[in-house]
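**Student:** sequence first, predicted coordinates after that:
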Amino acid sequence: MGGDGLYEFFTIGADAVANAEAAPATPDAQITVDTQAPTLPTLAALPTFQAGTEMLVSWSDESASGAAEYRVEVSTDPAFGSIDHDSGWIAALSTNFNGLTDATQYHYRIQARDAAAN
């Protein structure tokens, strides 16, 4: 098999003396192969400081590249060695994080996945 795309499978049965059935007009099975991830979304600019314990985070719509869901992670560690908050996979283009600690610097990162979970 090659790359991404729709693959159709046709079968022709034959018996022990080589009598074969006619070729089918439609495929017996088909599968779509999708290994391409959607475009990485861009987080909207966050304010340098916002008092309080919640933050609304928004990002670019990448549905044109196949994105179906997004996931935002929040960490006090810029290397994301530990995750403090996680939106889980959501279809929305923004999410509100509650329970943040006031006067704490947080880092945000986002992922996108398509219907094939790429």
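**Tutor:** Perfect, I can see it now.
**Student:** use CA for all of it now, contacts and neighbours both
**Tutor:** Noted.
**Student:** ok, which stretches of the chain are strands?
**Tutor:** 5-9, 29-33, 55-58, 69-75, 85-86, 94-97, 107-113 (DSSP state E).
**Student:** can I get the ones you listed in JSON lines with distance to Phe49 and mean neighbour count?
**Tutor:** Below are these laid out as JSON lines (distance: least, C-alpha to C-alpha, whole Å; neighbours: other C-alpha atoms under 10 Å):
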{"stretch": "strand 5-9", "distance to Phe49": "46", "mean neighbour count": "11"}
{"stretch": "strand 29-33", "distance to Phe49": "45", "mean neighbour count": "11"}
{"stretch": "strand 55-58", "distance to Phe49": "10", "mean neighbour count": "15"}
{"stretch": "strand 69-75", "distance to Phe49": "15", "mean neighbour count": "20"}
{"stretch": "strand 85-86", "distance to Phe49": "18", "mean neighbour count": "16"}
{"stretch": "strand 94-97", "distance to Phe49": "15", "mean neighbour count": "16"}
{"stretch": "strand 107-113", "distance to Phe49": "12", "mean neighbour count": "18"}
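**Student:** show me the one of those strands that comes nearest Pro41.
**Tutor:** strand 107-113 (6.7 Å; C-alpha to C-alpha).
**Student:** and that closest one, what other elements does it pack with?
**Tutor:** Helices and strands touching strand 107-113, by 3 or more C-alpha pairs under 8 Å, 6 or more residues apart in numbering; DSSP states H and E, are strand 69-75.
**Student:** residues touching the strand it packs on, excluding its own?
**Tutor:** 80, 82-93, 106-114 (C-alpha atoms under 8 Å, 6 or more residues apart in numbering).
**Student:** what mean pLDDT does it have?
**Tutor:** For strand 69-75, mean pLDDT is 96.
**Student:** measure how far that strand is from the centre of its chain, please.
**Tutor:** 11 Å (C-alpha atoms, centre = their mean, to the nearest Å).
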